[in-house]
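**Student:** My questions are about this predicted structure, shown below with the sequence.
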Amino acid sequence: MNVEQKLSANKFNVDEGHPHILIHLEKLDDEAKRILTVVCPAGLYTLNEKGQLAFEVAGCLECGTCRVAMAHLSGAMDWEHPRASFGVQFRCG
């Protein structure tokens, strides 16, 4: 089973009104944006053709990699665990 198949087995209960990750784009430089697109194991950070960062909280594995990668940029990201009954439920592994 490859990584995509394993990830697709997980169940995500997204808290639409209360995302557990908030990105403050004005505090990110181009290098920080590029780092986010590389470090996220779920590939949830992408850059469009204009170099603008897009993030989709649905599908987040809650690993905290993005949080650690941005720890040097004070105030660039608010990261907290999802509220009870929300977030990822791992089904394979």
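**Tutor:** Received it, and whenever you're ready, just let me know what you need.

**Student:** roughly how far apart are residue 70 and residue 77?
**Tutor:** Applying C-beta to C-beta, to the nearest Å, the value for residue 70 to residue 77 is 5 Å. In short, each C-beta sits where N, CA and C put it, glycine included.

**Student:** I'd guessed residue 15 sits against residue 83; true?
**Tutor:** Yes: taking contacts as C-beta atoms under 8 Å, residue 15 lies within contact range of residue 83: 5.8 Å.

**Student:** Between these two, tell me which one has more neighbours.
**Tutor:** Under the neighbour definition other C-beta atoms under 10 Å, residue 15 and residue 83 were set side by side, and residue 15 has more, 15 against 11.

**Student:** Excluding sequence neighbours, find me the nearest residue to that one.
**Tutor:** In this structure, residue 15 finds its nearest non-sequential neighbour in residue 86, 4.1 Å apart by C-beta to C-beta, 6 or more residues apart in numbering.
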